[in-house]
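Mind looking at a prediction? Sequence and model below.
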Amino acid sequence: MAVDDNEGADRVTIGVCVMEKKVFCSPMEQILERLRAFGEFEIIIFGDKVILEDPIEIWPKCDCLIAFCSSGFPLQKAQAYAALRRPFLVNELEPQYLLHDRRKVYEHLEKYGIPVPSYALVNREYPYQELDHFIEQEDFVEIHGKRFLKPFVEKPANGDDHRIMIYYPNSAGGGMKELFRKVGNRSSEFHPDVRRVRREGSYIYEEFMPTGGTDVKVYTVGPGYAHAEARKSPVVDGVVMRNPDGKEVRYPVLLTPTEKQMARDVCSAFRQMVCGFDLLRCDGRSYVCDVNGWSFVKNSYKYYDDAACILRKIFLDAKAPHLSSIIPPTLPWKSNEPDQSTEGLTRQGSGIIGTFGQSEELRCVIVVIRHGDRTPKQKVKLKVTEENLLNLMLKYNGGKPRAETKLKSAVQLQDLLDATRQLVPPTRSGQESDSDAEDLEHIEKLRQVKAVLEEGGHFSGIYRKVQLKPLKWIKVPKHNGDGEEERPIEALMILKYGGVLTHAGRKQAEELGRFFRNNIYPGEGTGLLRLHSTYRHDLKIYSSDEGRVQMSAAAFAKGLLDLEGQLTPILVSLVSKDSSMLDGLEDASIEMDEAKARLHEIIISNAKTENTNGSEEFPWMVDGAGLPANASQLLPKMAKLTKEVTAQVKLLAEGEDEKLALTSSFSRYDQAKALGKTTIDVARIAAGLPCGSESFLLMFARWKKHERDLYNERKDRFDITQIPDVYDSCKYDLVHNAHLNLEGLEELYKVAQLLADGVIPNEYGINPAQKLKIGSKIARRLMGKVLIDLRNTREEAICVADPNFTEDEAIFLPTKELEHQQKIQLRNEDGRRSSTTSEKSMDQEDEDDRETKYRLDPKYANVKTPDRHVRTRLYFTSESHIHSLMNVLRYCNLDESLQGEDSLVCQSTLDRLHRTRELDYMSNIVLRMFENTEVPLEDEKRFRIEMTFSRGADLSPLEDKTSETSPLLQEHTLPIMGPERLQEVGSCLTLDKFEKMVRPFAMPPEDFPPAAPPQALGYFSKGAGVLERLASFWPFHKGVTNGK
């Protein structure tokens, strides 16, 4: 037992009844030392021997007691002492029992109206007890009828068990991430093969709440004080960020008014003055997911000062109210306080040195990026009349004879595989030559379906789906004999597969993310990681619906934020899906069909029709610009070479069943695991097999389809829409399957490239006017969102720059009328989440109408410009949106409303874009907005836009194999081209000018429709709800033409 030497009748005695391990930790020592320095307290440390061995009757007497439970602490004995001596308790003892049971914690939080994640309890009386109310299926669990779609969280009911699991859906690759208390530099581990939940005890199941990869820890000292810190969430990659001293990196952040009230409520509900709890910030709302009891902040002298002053007031008010609790003007310990280390913490914010001038700061980065290298996209169509396939269709469409069925889940695809296996003979009999050619083709297609379904050995990933559409019906008697009913007798089966991100695609995306981290944020460098952690980096990542795009986004995020581990947890934590903004060509399908028809005429007739604006100076103004002059002569050559390559692949595919039986280790190549690779499968290549998951049978089916679709011999007609697909296959096989030495493939690639370089850009319009029309339809919603991003950034920067500018006056708040419309829209979106968290009050709806901004706390963090934010928006999409957005940017001045305006893109770049062969994998368009802080706020030059683009990985696999790219080609990877300017050096494109030029082609904010409810990947909807709220901040509406 330790007693302070200071004595005096007026001193308040503070008993510290805590295990020694906790007493002598740095935060407790720092705060007790400050309390001693006031000279008003006698502090008695009980010590382990007294606490564990001595009877309570001889424990020291005290006026105030600090006692809290930790490992080995006798809580019941401490309760008996408190009942005997009746000291003032900083943290009451009885409620501390609650903290050992997560079920009781959640129940208590709900009792006091504190928001928690949507959850359900599974209570077992003994291990592995079977419960009727608990159902586990492939991608969800159901408890008492409440369904939790993956990803969901599984927490042990025992609060002392810190092994928390997150289970991921098969559509994102499946697997489980285990969270645990920090061990070295790790706080979690990903287990890709674990898909079933635990059953040995009682658990809480709750919805996974995407928080952008950041957790918030809150520390209260009394009901009126709360300190909050952000840290990297363990759900991302499990690597603990540490500073040079080995301490975990955390950054103080400001709590919103709602969060401050939650902190007060937690403190009061559990009757714990000093209390820590975990906060999840998701979709502009906050939820408490854990309450820890007594907790102190580490390594913050400002917090130690605050905590000591508040505890002093609490002690004096409780036991010596006659003494003044006013804080003295000079804190007694200040002269002895060591300087707080700032090594590695102080930077220049986002100020740009040199090139852009001392006065400019980066405010916003918007990037639209195409996905990485993928396998060729494939489709199999066949008419089926087999009974078991028709029955399968009825099974999954609810027995409706005229309704189509989509099969995507593992159970559905396994049923289809079982049915297909019954229809396909295990080997070719040799008697098939006697069969009808049509029957042979049908059998081969069924064999192809079977091969696709058998890829990987299990159904995971996001790359296979089947549609069954009824075509013919007959009337049959009902089973009960009461009348007739319809029954399908023929259906169209469409199997879509392929288009999977390759090992090279993941590597490209990760490397590009790393490049952005080091080059796109001037003045930050690797400090971007810290910028992100402090909430000064407002980062959101959006993806289209396609699996390859989602995985590209996750791999890019991994490189950008220097994360580790598998992509699935990163995908779920950081990437939002918005298919309405980044998917689909339906809005421009008529115009694109017209462009393709006109393109066919130009190629076949071998004659170009020039626009009146066409000239040698502006070659891109010509109809069909970029098409080779001898296109009509190249088509027969292309068809001939395609046939020759197909014949070679057919020889490789013959007898493949027998070959695979001898090399069974390669017959079940795991496509899901391939998603996590950045290197080639050397053993598979050495065995002479195709790269990736493709078998020779599927490779042959791919080339046979090209041969059949490119040229119809019976009609003597070429289909020019197949040119991009043939080119895609050529390039893929030259990069990934060069070891197969297919004769004529290089020559075919050269021919296909010549044609594709002309055809692909012209599919999005055969002249600038049509390109602008099609581009504005495809990218309309994306362009509208980009303008919202830029406008919000400007208003936030102005709000920070002008000290007289209050949030209530912010011009980005919606008008009352628009506010009402947005509320109605938002209420209609409530179904977008897989499960709702709590009922929303009208007041909560009001708070949601503005974008939630989380900020760094300037009082605690040594940062030069804590209120300055960098907004980053990353949009991952497909080739169509890259072409469309680029066409809008370069041809927007051709619109009637902008007559006389110059293009946003300079003349030299227009010419360079005309000569650009393609916007290949990882091609991107970057918009960066800078603020010149020396220019008056009202000056339009205060904010300027810089535009760059990259052609992506457009290097030919045949070019200069002896150069520095040779090692990359050996790894089946092509390098990504560096960024190129869209403007002249030294030019100044103001934000006002940019808005004026692109606004006619952008979706107005009031037209943003509510997004559709999520389908298979419910967790991706986290960003979609914010999108419509963002729309309300953009003050431009229909009929407004000026930028201000």
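All right, it came through fine. What you see is a predicted model; the values in this text were computed from it and never measured. Numbers count the residues shown, from 1 in each chain.

Let me see the ranges of the helices in the stretch 801-950 of the chain.
816-828, 842-848, 879-891, 907-915 (DSSP state H, counting those that start in this stretch).

just the stretch 251-400 of the chain next, same as before
Using DSSP H, counting those that start in this stretch, helices in the stretch 251-400 of the chain cover 257-269, 301-319, 387-396.

Relative to Val288, how far out is the residue nearest to Asn91 when sequence neighbours are not counted?
Spatial nearest neighbour of Asn91, excluding adjacent residues (C-beta to C-beta, 6 or more residues apart in numbering): Gln272 at 4.4 Å. Bear in mind the C-beta positions are built from the backbone N, C-alpha and C, glycine included. The gap separating Gln272 from Val288 is 13 Å, by C-beta to C-beta, to the nearest Å.

can you check Glu594 too?
Counting by C-beta to C-beta, the gap from Glu594 to Val288 is 57 Å.

These two: which has the busier surroundings?
It is Val288, of Glu594 and Val288, that has more neighbours when counted by other C-beta atoms under 10 Å, with 23 against 15.

mind checking how far Pro87 is from Cys17?
Here the criterion is C-beta to C-beta. By it, Pro87 lies 9 Å from Cys17.

brain fart, Leu974
According to C-beta to C-beta, Leu974 stands 67 Å off from Cys17.

Compare those two (neighbour count), which wins?
Using other C-beta under 10 Å as the criterion, Leu974 and Cys17 rank with Cys17 on top: 27 against 24.

Leaving out the residues flanking it, which one is nearest to that one?
Ala67 (4.0 Å).

Ser776 too?
In space, Ser776 is closest to Phe1001, 3.7 Å off (C-beta to C-beta, 6+ apart).

I'd guessed that neighbour sits against Lys773; true?
No. Between Phe1001 and Lys773 there is no contact under C-beta atoms under 8 Å: 9.2 Å.

higher neighbour count, those two?
Phe1001 (23 against 20).

And that one, what's its pLDDT?
You'll see Phe1001 listed with a pLDDT of 94.

list the contacts for it?
Residues near Phe1001 by C-beta atoms under 8 Å, 6 or more residues apart in numbering: Leu772, Gly775, Ser776, Ala779, Arg780, Met783, Val888, Cys892, Asp895.

surely the first one meets Val888?
The reference is to Leu772. Yes. Counting by C-beta under 8 Å, Leu772 does reach Val888; the two are 6.5 Å apart.

More neighbours: these two, which one.
For Leu772 versus Val888, neighbours defined as other C-beta under 10 Å are more numerous around Val888 (27 against 23).

so who does the more buried one touch?
Applying C-beta under 8 Å, 6+ apart, one finds that Val888 lies in contact with Leu772, Gly775, Ser776, Ala779, Met783, Val998, Phe1001.

how about 6 Å then?
Gly775, Ser776, Ala779, Phe1001 (C-beta atoms under 6 Å, 6 or more residues apart in numbering).

Quick check: the second one vs Thr405, distance?
Meaning Ser776. Distance, Ser776 to Thr405, using C-beta to C-beta: 36 Å.

The last one now?
Taking C-beta to C-beta as the measure, Phe1001 falls 38 Å from Thr405.

Give the burial count for the residue nearest to Asn91, as a bare number.
26.

Just put the helices of the stretch 251-400 of the chain in CSV and tack on distance to Gly47 and mean neighbour count.
Below are the helices of the stretch 251-400 of the chain laid out as CSV (distance: least, C-beta to C-beta, whole Å; neighbours: other C-beta atoms under 10 Å):
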stretch, distance to Gly47, mean neighbour count
helix 257-269, 28, 18
helix 301-319, 21, 19
helix 387-396, 68, 17
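
can you put the ones you listed in a markdown table and add distance to Glu125?
Below are the helices of the stretch 251-400 of the chain laid out as a markdown table (distance: least, C-beta to C-beta, whole Å):
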| stretch | distance to Glu125 |
| --- | --- |
| helix 257-269 | 29 |
| helix 301-319 | 43 |
| helix 387-396 | 37 |
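
now for those, which one comes closest to Gly565?
helix 257-269 (29.8 Å; C-beta to C-beta).

Can you work out which other helices and strands pack against the closest one?
The helices and strands touching helix 257-269, judged by 3 or more C-beta pairs under 6 Å, 6 or more residues apart in numbering; DSSP states H and E, are strand 214-221.

could you dump the contacts of Phe1001 to TSV with distance to Glu490 and pLDDT?
Converted to TSV, the contacts of Phe1001 look like this (distance: C-beta to C-beta, whole Å; pLDDT from 0 to 100):
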residue	distance to Glu490	pLDDT
Leu772	44	94
Gly775	41	94
Ser776	42	93
Ala779	40	93
Arg780	40	92
Met783	44	94
Val888	44	95
Cys892	49	93
Asp895	49	90
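
Nearest to Ile720, out of those: which one, please.
Sorting the contacts of Phe1001 by how near they are to Ile720, with C-beta to C-beta, puts Gly775 at the top with 20.7 Å.

now the closest one: how far from Val449?
Gly775 is 37 Å from Val449, by C-beta to C-beta.

ok, those two, which is more surrounded?
Neighbours were counted for Gly775 and for Val449 using other C-beta under 10 Å; Gly775 has more, 29 against 25.

residues touching that one, list them.
With contacts defined as C-beta under 6 Å, 6+ apart, Gly775 is in contact with Ser884, Asn887, Val888.

before we move on, the earlier item: between Pro87 and Cys17, what contacts are shared?
Listed as contacting both Pro87 and Cys17 by C-beta under 6 Å, 6+ apart are Leu65.

What segments of the stretch 1-150 of the chain are helices?
If DSSP H, counting those that start in this stretch is used as the criterion, the helices of the stretch 1-150 of the chain fall at 20-23, 26-37, 48-53, 75-85, 102-111.

Give the buried residues for the last one.
Buried residues in helix 102-111, counted by 16 or more other C-beta atoms under 10 Å: Arg102, Arg103, Val105, Tyr106, His108, Leu109.

could those go into CSV alongside pLDDT and distance to Asp623?
Shown next, in CSV, are these (pLDDT from 0 to 100; distance: C-beta to C-beta, whole Å):
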residue, pLDDT, distance to Asp623
Arg102, 96, 68
Arg103, 96, 70
Val105, 97, 69
Tyr106, 97, 66
His108, 96, 72
Leu109, 97, 67
